[in-house]
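Asker: sequence first, then the predicted structure:
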Amino acid sequence: MPDVVASAAAPPEPQFASLRQQSEVASIGIWAFLATEVLFFGGMLLAYAVFRKAYPLGFAEAGRETKIVIGTINTMVLLTSSVTMAGAVYAAEGGRRRLLTLLLILTAALGLAFVGLKGLEYSKEYEEHLVPGIDFAFASPHANAIQLFFFLYFMMTGVHAVHLTIGIIVVLVMAVRAGRGAFSPAYHSPVEVTGLYWHFVDLVWIFLYPLIYLNGRVG
Amino acid sequence: MAREAVRLAAAWGALMVLLGSTLGLSYVQLGSMNIAVALTIATAKALIVVFLFMKLARAVPLTWVFAAAGLFWLLIMFGLAATDYGARLWVIAS
(Lines give C-alpha, C1' and ligand atoms only; values in the text may rest on other atoms or scores of the structure.)
Protein backbone atom coordinates (compact mmCIF):
# COMPACT_ATOMS: atom_id res chain seq x y z
CA MET A 1 0.00 0.00 0.00
CA PRO A 2 1.49 3.38 -0.94
CA ASP A 3 2.22 5.76 1.92
CA VAL A 4 0.58 8.74 0.29
CA VAL A 5 -1.35 8.85 -2.92
CA ALA A 6 0.61 11.25 -5.08
CA SER A 7 -1.57 14.03 -6.41
CA ALA A 8 -1.54 14.71 -10.13
CA ALA A 9 -0.16 18.20 -9.49
CA ALA A 10 2.94 17.05 -7.64
CA PRO A 11 4.18 13.50 -8.18
CA PRO A 12 7.29 12.45 -6.25
CA GLU A 13 10.66 12.89 -7.94
CA PRO A 14 11.57 9.75 -9.93
CA GLN A 15 14.04 8.40 -7.35
CA PHE A 16 11.38 8.22 -4.63
CA ALA A 17 8.65 5.63 -4.18
CA SER A 18 6.25 8.09 -2.61
CA LEU A 19 5.89 11.72 -1.56
CA ARG A 20 6.17 10.60 2.05
CA GLN A 21 9.55 9.00 1.41
CA GLN A 22 10.64 12.12 -0.47
CA SER A 23 9.59 14.27 2.46
CA GLU A 24 11.38 12.03 5.00
CA VAL A 25 14.59 12.19 2.98
CA ALA A 26 14.37 16.00 2.83
CA SER A 27 13.81 16.12 6.58
CA ILE A 28 16.76 13.84 7.34
CA GLY A 29 18.89 15.92 4.96
CA ILE A 30 18.22 19.18 6.78
CA TRP A 31 18.78 17.51 10.18
CA ALA A 32 22.17 16.25 8.93
CA PHE A 33 23.01 19.80 7.84
CA LEU A 34 21.85 21.16 11.20
CA ALA A 35 24.11 18.65 13.00
CA THR A 36 27.09 20.24 11.20
CA GLU A 37 25.74 23.66 12.17
CA VAL A 38 25.66 22.60 15.83
CA LEU A 39 29.41 22.00 15.61
CA PHE A 40 29.97 25.22 13.64
CA PHE A 41 28.40 27.31 16.40
CA GLY A 42 29.75 24.88 19.02
CA GLY A 43 33.35 25.84 18.23
CA MET A 44 32.58 29.50 18.90
CA LEU A 45 30.68 28.64 22.06
CA LEU A 46 33.63 26.57 23.26
CA ALA A 47 35.97 29.54 22.70
CA TYR A 48 33.52 31.67 24.69
CA ALA A 49 33.38 29.11 27.54
CA VAL A 50 37.17 28.80 27.77
CA PHE A 51 37.80 32.56 27.82
CA ARG A 52 34.92 33.24 30.17
CA LYS A 53 36.47 30.79 32.63
CA ALA A 54 39.88 32.41 32.14
CA TYR A 55 38.64 36.00 32.53
CA PRO A 56 35.49 35.88 34.68
CA LEU A 57 35.70 39.50 35.85
CA GLY A 58 36.42 40.94 32.41
CA PHE A 59 33.59 38.94 30.84
CA ALA A 60 31.16 39.99 33.57
CA GLU A 61 32.08 43.65 33.08
CA ALA A 62 31.72 43.26 29.31
CA GLY A 63 28.33 41.54 29.72
CA ARG A 64 27.03 44.58 31.60
CA GLU A 65 27.95 46.76 28.57
CA THR A 66 25.65 44.81 26.22
CA LYS A 67 22.27 46.30 25.31
CA ILE A 68 19.91 44.19 27.38
CA VAL A 69 16.70 45.97 26.31
CA ILE A 70 17.37 45.44 22.59
CA GLY A 71 18.65 41.91 23.28
CA THR A 72 15.53 40.96 25.23
CA ILE A 73 13.12 42.50 22.70
CA ASN A 74 15.00 40.67 19.94
CA THR A 75 14.67 37.38 21.85
CA MET A 76 10.91 37.93 22.09
CA VAL A 77 10.78 38.76 18.37
CA LEU A 78 12.72 35.63 17.37
CA LEU A 79 10.79 33.27 19.69
CA THR A 80 7.55 34.70 18.28
CA SER A 81 8.82 34.17 14.73
CA SER A 82 9.35 30.49 15.54
CA VAL A 83 5.71 30.29 16.64
CA THR A 84 4.50 31.86 13.36
CA MET A 85 6.82 29.53 11.41
CA ALA A 86 5.43 26.47 13.23
CA GLY A 87 1.95 27.83 12.45
CA ALA A 88 2.92 28.09 8.78
CA VAL A 89 3.81 24.37 8.72
CA TYR A 90 0.44 23.52 10.30
CA ALA A 91 -1.28 25.73 7.69
CA ALA A 92 0.59 23.88 4.92
CA GLU A 93 -0.46 20.51 6.37
CA GLY A 94 -4.05 21.72 6.44
CA GLY A 95 -3.92 23.09 2.91
CA ARG A 96 -4.68 26.64 4.13
CA ARG A 97 -2.98 28.55 1.33
CA ARG A 98 -3.80 32.13 2.37
CA LEU A 99 -2.98 31.48 6.03
CA LEU A 100 0.28 29.80 5.01
CA THR A 101 1.32 32.77 2.86
CA LEU A 102 0.37 35.23 5.59
CA LEU A 103 2.27 33.36 8.33
CA LEU A 104 5.37 33.06 6.13
CA ILE A 105 5.32 36.81 5.43
CA LEU A 106 4.84 37.49 9.14
CA THR A 107 7.78 35.19 9.99
CA ALA A 108 10.03 37.00 7.49
CA ALA A 109 8.87 40.39 8.85
CA LEU A 110 9.76 39.35 12.41
CA GLY A 111 13.14 38.16 11.14
CA LEU A 112 13.69 41.53 9.46
CA ALA A 113 12.74 43.32 12.67
CA PHE A 114 15.38 41.26 14.49
CA VAL A 115 18.07 42.13 11.95
CA GLY A 116 17.07 45.81 12.06
CA LEU A 117 17.31 45.95 15.86
CA LYS A 118 20.63 44.10 15.70
CA GLY A 119 21.92 46.76 13.31
CA LEU A 120 20.79 49.49 15.73
CA GLU A 121 22.63 47.66 18.51
CA TYR A 122 25.81 47.37 16.43
CA SER A 123 25.71 51.10 15.61
CA LYS A 124 25.36 51.98 19.31
CA GLU A 125 28.30 49.72 20.12
CA TYR A 126 30.33 51.36 17.37
CA GLU A 127 29.57 54.80 18.88
CA GLU A 128 30.70 53.48 22.26
CA HIS A 129 34.04 52.28 20.82
CA LEU A 130 33.28 48.62 21.49
CA VAL A 131 34.19 47.16 18.09
CA PRO A 132 37.52 45.26 18.23
CA GLY A 133 39.77 45.79 15.23
CA ILE A 134 37.87 48.87 14.05
CA ASP A 135 37.45 51.11 17.05
CA PHE A 136 37.92 49.72 20.52
CA ALA A 137 38.67 51.74 23.62
CA PHE A 138 37.61 50.84 27.12
CA ALA A 139 38.91 52.26 30.40
CA SER A 140 39.18 49.25 32.69
CA PRO A 141 41.90 47.04 34.15
CA HIS A 142 40.10 44.23 32.28
CA ALA A 143 40.08 46.03 28.92
CA ASN A 144 41.84 43.17 27.09
CA ALA A 145 39.36 40.56 28.32
CA ILE A 146 36.49 42.92 27.47
CA GLN A 147 37.86 43.30 23.95
CA LEU A 148 38.03 39.52 23.68
CA PHE A 149 34.38 39.27 24.79
CA PHE A 150 33.31 41.79 22.14
CA PHE A 151 35.29 39.98 19.47
CA LEU A 152 33.39 36.78 20.33
CA TYR A 153 30.14 38.76 20.58
CA PHE A 154 30.46 40.23 17.09
CA MET A 155 31.57 36.90 15.61
CA MET A 156 28.75 34.86 17.16
CA THR A 157 25.95 37.39 16.64
CA GLY A 158 27.30 38.27 13.19
CA VAL A 159 27.32 34.67 12.00
CA HIS A 160 23.87 34.25 13.56
CA ALA A 161 22.59 37.34 11.72
CA VAL A 162 23.94 35.97 8.42
CA HIS A 163 22.05 32.71 9.08
CA LEU A 164 18.91 34.66 9.86
CA THR A 165 19.24 36.79 6.71
CA ILE A 166 19.50 33.62 4.60
CA GLY A 167 16.45 32.33 6.47
CA ILE A 168 14.46 35.48 5.69
CA ILE A 169 15.23 35.13 1.97
CA VAL A 170 14.24 31.44 1.94
CA VAL A 171 11.04 32.14 3.90
CA LEU A 172 10.10 34.88 1.41
CA VAL A 173 10.73 32.49 -1.51
CA MET A 174 8.41 30.01 0.25
CA ALA A 175 5.81 32.77 0.70
CA VAL A 176 5.86 33.49 -3.05
CA ARG A 177 5.60 29.78 -3.88
CA ALA A 178 2.79 29.36 -1.35
CA GLY A 179 0.93 32.32 -2.85
CA ARG A 180 1.16 30.66 -6.27
CA GLY A 181 -0.32 27.48 -4.83
CA ALA A 182 2.81 25.34 -5.03
CA PHE A 183 2.04 23.49 -1.79
CA SER A 184 -0.66 21.05 -0.76
CA PRO A 185 -1.35 18.81 2.25
CA ALA A 186 0.42 16.02 0.33
CA TYR A 187 3.39 18.12 -0.81
CA HIS A 188 4.84 20.85 1.41
CA SER A 189 8.23 19.52 2.51
CA PRO A 190 10.05 22.71 1.35
CA VAL A 191 8.01 24.62 3.97
CA GLU A 192 8.85 22.01 6.62
CA VAL A 193 12.57 22.05 5.79
CA THR A 194 12.61 25.86 5.83
CA GLY A 195 10.88 25.71 9.20
CA LEU A 196 13.49 23.32 10.64
CA TYR A 197 16.29 25.69 9.55
CA TRP A 198 14.43 28.69 10.99
CA HIS A 199 13.88 26.95 14.34
CA PHE A 200 17.57 26.03 14.48
CA VAL A 201 18.57 29.68 14.05
CA ASP A 202 16.17 30.45 16.91
CA LEU A 203 17.79 27.68 19.01
CA VAL A 204 21.23 29.24 18.57
CA TRP A 205 19.88 32.58 19.78
CA ILE A 206 18.20 30.93 22.79
CA PHE A 207 21.70 30.01 24.02
CA LEU A 208 23.44 33.20 22.89
CA TYR A 209 20.98 35.40 24.80
CA PRO A 210 21.93 34.35 28.37
CA LEU A 211 25.64 34.03 27.51
CA ILE A 212 25.86 37.53 26.04
CA TYR A 213 23.26 39.68 27.75
CA LEU A 214 22.64 38.12 31.15
CA ASN A 215 26.28 37.61 32.06
CA GLY A 216 27.50 39.82 34.92
CA ARG A 217 24.12 41.43 35.70
CA VAL A 218 24.67 40.77 39.42
CA GLY A 219 27.56 42.23 41.37
CA MET B 1 -6.23 23.91 13.03
CA ALA B 2 -7.87 25.15 16.25
CA ARG B 3 -6.07 22.55 18.38
CA GLU B 4 -2.75 23.46 16.78
CA ALA B 5 -3.42 27.16 17.41
CA VAL B 6 -4.03 26.48 21.11
CA ARG B 7 -0.84 24.40 21.27
CA LEU B 8 1.20 27.17 19.63
CA ALA B 9 -0.30 29.85 21.88
CA ALA B 10 0.58 27.75 24.95
CA ALA B 11 4.12 27.24 23.65
CA TRP B 12 4.48 31.00 23.03
CA GLY B 13 3.23 31.73 26.55
CA ALA B 14 5.66 29.23 28.07
CA LEU B 15 8.57 30.71 26.08
CA MET B 16 7.71 34.24 27.23
CA VAL B 17 7.42 33.12 30.89
CA LEU B 18 10.81 31.38 30.62
CA LEU B 19 12.34 34.48 29.02
CA GLY B 20 10.96 36.68 31.81
CA SER B 21 12.26 34.26 34.46
CA THR B 22 15.77 34.08 33.06
CA LEU B 23 15.91 37.88 32.70
CA GLY B 24 14.65 38.43 36.26
CA LEU B 25 16.85 35.74 37.84
CA SER B 26 19.97 37.14 36.16
CA TYR B 27 19.65 40.17 38.52
CA VAL B 28 19.39 37.95 41.62
CA GLN B 29 22.68 37.09 43.34
CA LEU B 30 22.99 33.30 43.09
CA GLY B 31 26.76 33.13 42.86
CA SER B 32 27.98 30.40 40.55
CA MET B 33 24.39 29.18 40.19
CA ASN B 34 23.46 32.18 37.99
CA ILE B 35 24.94 30.61 34.86
CA ALA B 36 23.52 27.17 35.75
CA VAL B 37 20.02 28.64 36.12
CA ALA B 38 20.36 30.63 32.87
CA LEU B 39 21.50 27.58 30.89
CA THR B 40 18.81 25.35 32.42
CA ILE B 41 16.12 27.83 31.36
CA ALA B 42 17.70 28.09 27.89
CA THR B 43 17.60 24.28 27.64
CA ALA B 44 13.91 24.28 28.62
CA LYS B 45 13.21 26.82 25.84
CA ALA B 46 15.23 24.71 23.41
CA LEU B 47 13.23 21.58 24.30
CA ILE B 48 9.98 23.43 23.52
CA VAL B 49 11.39 24.46 20.13
CA VAL B 50 12.80 21.00 19.30
CA PHE B 51 9.78 18.95 20.35
CA LEU B 52 6.82 21.26 19.67
CA PHE B 53 8.05 23.25 16.67
CA MET B 54 10.58 20.91 15.05
CA LYS B 55 8.42 17.90 16.01
CA LEU B 56 11.41 15.68 16.64
CA ALA B 57 9.30 13.09 18.49
CA ARG B 58 7.16 12.56 15.41
CA ALA B 59 10.12 12.28 13.01
CA VAL B 60 11.40 8.95 11.69
CA PRO B 61 14.03 7.24 13.92
CA LEU B 62 16.83 7.96 11.42
CA THR B 63 16.19 11.67 12.02
CA TRP B 64 16.78 11.13 15.74
CA VAL B 65 20.16 9.63 14.88
CA PHE B 66 21.18 12.80 13.04
CA ALA B 67 19.81 15.08 15.75
CA ALA B 68 21.57 13.04 18.46
CA ALA B 69 24.82 12.96 16.44
CA GLY B 70 25.04 16.76 16.47
CA LEU B 71 24.58 16.83 20.23
CA PHE B 72 26.89 13.85 20.76
CA TRP B 73 29.86 15.37 18.90
CA LEU B 74 29.22 18.72 20.60
CA LEU B 75 29.45 17.00 23.99
CA ILE B 76 32.66 15.25 22.92
CA MET B 77 34.17 18.58 21.86
CA PHE B 78 33.21 20.28 25.14
CA GLY B 79 34.04 17.20 27.21
CA LEU B 80 37.53 16.69 25.84
CA ALA B 81 38.26 20.42 25.99
CA ALA B 82 37.11 20.44 29.62
CA THR B 83 39.65 17.77 30.54
CA ASP B 84 42.30 20.38 29.81
CA TYR B 85 40.75 23.77 30.53
CA GLY B 86 38.64 22.48 33.39
CA ALA B 87 41.63 20.93 35.16
CA ARG B 88 44.05 23.78 34.50
CA LEU B 89 44.91 26.32 37.17
CA TRP B 90 44.34 29.72 35.64
CA VAL B 91 47.16 31.97 36.77
CA ILE B 92 46.22 34.73 34.35
CA ALA B 93 42.68 35.09 35.70
CA SER B 94 41.82 38.77 35.71
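Answerer: All right, it came through fine. Numbers count the residues shown, from 1 in each chain, chains lettered A, B, ... in the order given.

Asker: now the helices for chain A?
Answerer: Secondary structure of chain A (DSSP state H): helices at A:19-54, A:56-65, A:68-93, A:97-127, A:143-179, A:189-212.

Asker: mean pLDDT added to the ones you listed, as a markdown table?
Answerer: Below are those laid out as a markdown table (pLDDT from 0 to 100):
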| stretch | mean pLDDT |
| --- | --- |
| helix A:19-54 | 94 |
| helix A:56-65 | 95 |
| helix A:68-93 | 97 |
| helix A:97-127 | 97 |
| helix A:143-179 | 97 |
| helix A:189-212 | 97 |
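
Asker: tabulate these (CSV), appending distance to chain B.
Answerer: All C-beta spots, glycine's among them, are computed from the backbone N, C-alpha and C. Below are those laid out as CSV (distance: least, Cβ to the nearest Cβ, whole Å):
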stretch, distance to chain B
helix A:19-54, 3
helix A:56-65, 5
helix A:68-93, 4
helix A:97-127, 8
helix A:143-179, 5
helix A:189-212, 4
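
Asker: and these as TSV, adding mean neighbour count?
Answerer: Shown next, in TSV, are these (neighbours: other Cβ atoms under 10 Å in any protein chain shown):
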stretch	mean neighbour count
helix A:19-54	18
helix A:56-65	20
helix A:68-93	22
helix A:97-127	18
helix A:143-179	19
helix A:189-212	23
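
Asker: adding distance to B:A44, write the ones you listed out as a markdown table.
Answerer: Below are the helices of chain A laid out as a markdown table (distance: least, Cβ to Cβ, whole Å):
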| stretch | distance to B:A44 |
| --- | --- |
| helix A:19-54 | 18 |
| helix A:56-65 | 21 |
| helix A:68-93 | 12 |
| helix A:97-127 | 21 |
| helix A:143-179 | 20 |
| helix A:189-212 | 9 |
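
Asker: the ones you listed: which one's closest to B:G86?
Answerer: Judged by Cβ to Cβ, the one of the helices of chain A that comes nearest to B:G86 is helix A:19-54, at 7.9 Å.

Asker: before we move on, the earlier item: how about the helices of chain A, which one is nearest B:S26?
Answerer: Checking the helices of chain A against B:S26 by Cβ to Cβ gives helix A:189-212 as the closest, at 7.2 Å.

Asker: that closest one versus helix A:19-54: what angle between them?
Answerer: Per axes from the mean of the first three to the mean of the last three Cα atoms, to 10 degrees, the angle that helix A:189-212 makes with helix A:19-54 is 10 degrees.

Asker: and for residue 12, the neighbour number?
Answerer: No chain was given, so I picked chain A. 19 (other Cβ atoms under 10 Å in any protein chain shown).

Asker: to clarify, I was referring to chain B.
Answerer: A count of neighbours around B:W12, defined by other Cβ under 10 Å, yields 19.

Asker: residues in contact with it?
Answerer: By Cβ atoms under 8 Å, 6 or more residues apart in numbering or on different chains, B:W12 lies in contact with A:79-80, A:83.

Asker: quick one: distance of the helix or strand hosting it to the chain centre.
Answerer: Applying DSSP states H and E as the criterion places B:W12 in helix B:2-25. Offset of helix B:2-25 from its chain centre (Cα atoms, centre = their mean, to the nearest Å): 15 Å.

Asker: just checking, next helix/strand downstream of it?
Answerer: By DSSP H and E, the next helix or strand past helix B:2-25 is helix B:33-48.

Asker: next helix or strand past that next one?
Answerer: Moving toward the C-terminus from helix B:33-48, the next helix or strand (DSSP H and E) is helix B:61-85.

Asker: return the set of buried residues in that following helix.
Answerer: Buried residues in helix B:61-85, counted by 16 or more other Cβ atoms under 10 Å in any protein chain shown: B:63, B:66-67, B:69-70, B:74, B:77-78.

Asker: ok, is it in contact with chain A or not?
Answerer: Yes. Helix B:61-85 lies within reach of chain A by Cβ under 8 Å from any Cβ of the partner chain, at B:62-63, B:66-67, B:69-71, B:73-74, B:77-78, B:81, B:85.

Asker: mind giving me the packing neighbours of that helix?
Answerer: Counting contacts by 3 or more Cβ pairs under 8 Å, 6 or more residues apart in numbering or on different chains; DSSP states H and E, helix B:61-85 packs against helix A:19-54.

Asker: list the contacts of residue 75.
Answerer: No chain in the question, so chain A it is. By Cβ under 8 Å, 6+ apart, the contact list for A:T75 reads A:205-206, A:209, B:19.

Asker: relative to A:Q147, which of those is nearest.
Answerer: Using Cβ to Cβ, the contacts of A:T75 come closest to A:Q147 at A:Y209, 21.6 Å.

Asker: skipping adjacent residues, who's closest to the closest one in space?
Answerer: Once flanking residues are discounted, A:Y209 sits nearest to A:T75: 4.9 Å by Cβ to Cβ, 6 or more residues apart in numbering or on different chains.
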